[in-house]
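Chemist: Here is a sequence together with a model predicted from it:
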Amino acid sequence: SAVISQKPSRDICQRGTSLTIQCQVDSQVTMMFWYRQQPGQSLTLIATANQGSEATYESGFVIDKFPISRPNLTFSTLTVSNMSPEDSSIYLCSALTGVNTEAFFGQGTRLTVV
Amino acid sequence: GQNIDQPTEMTATEGAIVQINCTYQTSGFNGLFWYQQHAGEAPTFLSYNVLDGLEEKGRFSSFLSRSKGYSYLLLKELQMKDSASYLCAVRDPDYKLSFGAGTTVTVRA
């Protein structure tokens, strides 16, 4: 199993600013992902965080808006850039400890843009 | 891409059984997962099927038919704490999860 810690747990931000969310796993993991969960909706994959290289983004998400870093096997960051109220959402970090295991999730970061 | 359908809401009585169905159409399949999510919390893993058949874990069981693109989650001996959203998720060959919209289960006394 893996324990995933996300910081901050919540934030209220002004439009036009940026917020960086940190994700720390208590053990080395094979893969890390970032998801978004908009109010009342299910999870949507933003990107796969690749160690030492550029993240792989899903359709509708771009690096300029959601830059991602993954400097090692246990840590990743997601930045939400130039925020607008439409970015208000819960952002979740997820990790795989092995190829035939379930994905673990952090507790999420609840972002409100005003 | 992935298209995953599950009912929006279900209501059941404490002690009863509820079955949540999930149908999917995918461009690649590498397992089906069920997660439980309480309001304001992260999803927690319930079960995983990669081969056809039934997987049982205590009060929770999950079934998969790959040829039919169909799965269900069975919750037995319902308890009030089982009131939550249940998410069906399909994993692709790149280990990425696509989630259904979730089924909100309400357990009544």
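Modeler: Noted; the coordinates are in hand. Keep in mind the model is a prediction, meaning the values are calculated, not measured.
Chemist: Say whether chain A is contacted by the helix or strand of chain B with the lowest mean pLDDT.
Modeler: In chain B, no helix or strand scores lower on mean pLDDT, DSSP states H and E than strand B:2-5, which sits at a mean of 90. No - residues of strand B:2-5 are not located near chain A by CB under 8 Å from any CB of the partner chain, the shortest gap being 8.9 Å. To be clear about C-beta, it is placed using only N, CA and C from the backbone, and glycine gets the same treatment.
Chemist: B:Arg66: neighbour count?
Modeler: For B:Arg66, the count of nearby residues is 15 (other CB atoms under 10 Å in any protein chain shown).
Chemist: what sits against it?
Modeler: B:Phe29, B:Leu51, B:Asp52 (CB atoms under 8 Å, 6 or more residues apart in numbering or on different chains).
Chemist: go with 7 Å
Modeler: B:Phe29, B:Asp52 (CB atoms under 7 Å, 6 or more residues apart in numbering or on different chains).
Chemist: State whether A:Ser53 is indeed within a strand.
Modeler: No - assessed with DSSP: H, G, I helix; E, B strand; the rest coil, A:Ser53 is coil; it does not lie in a strand.
Chemist: what separates it from chain B, distance-wise?
Modeler: Distance of A:Ser53 to chain B, given as CB to the nearest CB, to the nearest Å: 15 Å.
Chemist: before we move on, the earlier item: what's the least confident helix or strand of chain B packed up against?
Modeler: If you count contacts as 3 or more CB pairs under 7 Å, 6 or more residues apart in numbering or on different chains; DSSP states H and E, strand B:2-5 packs onto strand B:18-26, strand B:84-91, strand B:97-99.
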